[in-house]
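*Asks:* sequence and computational prediction follow.
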Amino acid sequence: MGGCSLDQNGAGICPPPHWQLVMDQNLGREVSRNKALAPSRIKKMSQRYISVFSSFELPPVIADVLGQILDDCFPAMFEGRVYVKQLPHMRIVAFENGAPVGQVGIDHRIINVGGDVKEIFGLIDLCVAREWRNQEIAGALVARAEALAIQAGVAFMVLMADRHDLYIRHGFSRVQPAPATWYGIDERQSIGLITRDLSDCFMIKPVVETHWPVGPIDMLGYLF
């Protein structure tokens, strides 16, 4: 879905390649989606924008740069790849002057919480290139993920984070306790079910629903 958005029915709306989702200087809000706007005018307005790709649509040249950014953000984890355990379903990418400078992956799935089945967006591997940090790019990526979550009508956004400040500022909260079970993957090999309390890192934000159920969390898959 490079440069595409979703309509109310979840179908893709894709403007021509030159009309990306153009953002203001802080990447905080969309400036224009007007198809009548000339590309030269877009460049004058801003050189930063955010695009959304499904995994199979991510161009190799962009994947190569994201692999380098991920390696720098998470040393010894990615080894040049753009995933650790599994490919995300979608990837939101921030650009500066046409070059990728940050990304967040989205895993769209069903989980079971205390016997209640919930549809979620899982946020994966949020990162920004070192030279572009502290410019609200990470916050813009989270905001774009939330906009997609609202359009998709999922119940919650879910993520795992050791550092909580950014996500708390964007309305996330920690789940405590967070007894969770997931399917373990290590070095691209299955290692079986794992169960432990994730209170130190499990965070949620309500989207369609407001009440997070009490009870054990079955991720119904790998831990993103």
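*Replies:* All right, it came through fine.
*Asks:* switch to C-alpha atoms for all contacts and neighbour counts from now on
*Replies:* Fine.
*Asks:* looking at this protein, which strand is longest?
*Replies:* The residue-count maximum for a strand in the chain (DSSP state E) belongs to strand 99-113.
*Asks:* other residues contacting that one?
*Replies:* With contact meaning CA atoms under 8 Å, 6 or more residues apart in numbering, strand 99-113 is reached by 62, 65-66, 69, 88-95, 117-129, 132, 137-138, 141-142, 145, 213-220, 224.
*Asks:* please enumerate residues in contact with whatever helix or strand residue 62 lives in?
*Replies:* When elements are assigned from DSSP states H and E, residue 62 belongs to helix 60-73. Helix 60-73 is touched from outside by 77-82, 99-103, 125, 127-130, with contacts defined as CA under 8 Å, 6+ apart.
*Asks:* please pick the buried ones from those.
*Replies:* 78, 80, 82, 100, 101, 102, 103, 125, 127, 128, 129 (16 or more other CA atoms under 10 Å).
*Asks:* which residues does the third one contact?
*Replies:* Pointing back at residue 82 there. Counting by CA under 8 Å, 6+ apart, residue 82 has contacts 63, 66, 67, 70.
*Asks:* so how far is residue 63 from the last one?
*Replies:* Taking CA to CA, to the nearest Å as the criterion, residue 70 is separated from residue 63 by 10 Å.
*Asks:* these two: who's more crowded?
*Replies:* residue 70 (25 against 16; other CA atoms under 10 Å).
*Asks:* state the distance from that one to residue 218.
*Replies:* 28 Å.
*Asks:* and if you look at residue 191?
*Replies:* 17 Å.
*Asks:* so where's the chain uncertain?
*Replies:* Counting by pLDDT under 70, the ranges of the chain that qualify are 1-46.
*Asks:* neighbour count: residue 191 and residue 218, which is higher?
*Replies:* Comparing residue 191 with residue 218 by other CA under 10 Å, the one with more neighbours is residue 218, at 22 against 11.
*Asks:* got a list of what the more buried one touches?
*Replies:* 111, 112, 113, 180, 181, 182.
*Asks:* quick check: phi and psi on it?
*Replies:* phi -100, psi 110 (degrees, to the nearest 10).
*Asks:* repeat for the one 5 residues further on
*Replies:* Backbone dihedrals for residue 223, given as degrees, to the nearest 10, come out at phi -90, psi 110.
*Asks:* make sure residue 220 is indeed in a strand.
*Replies:* No. Under DSSP: H, G, I helix; E, B strand; the rest coil, residue 220 falls outside any strand and is assigned coil.
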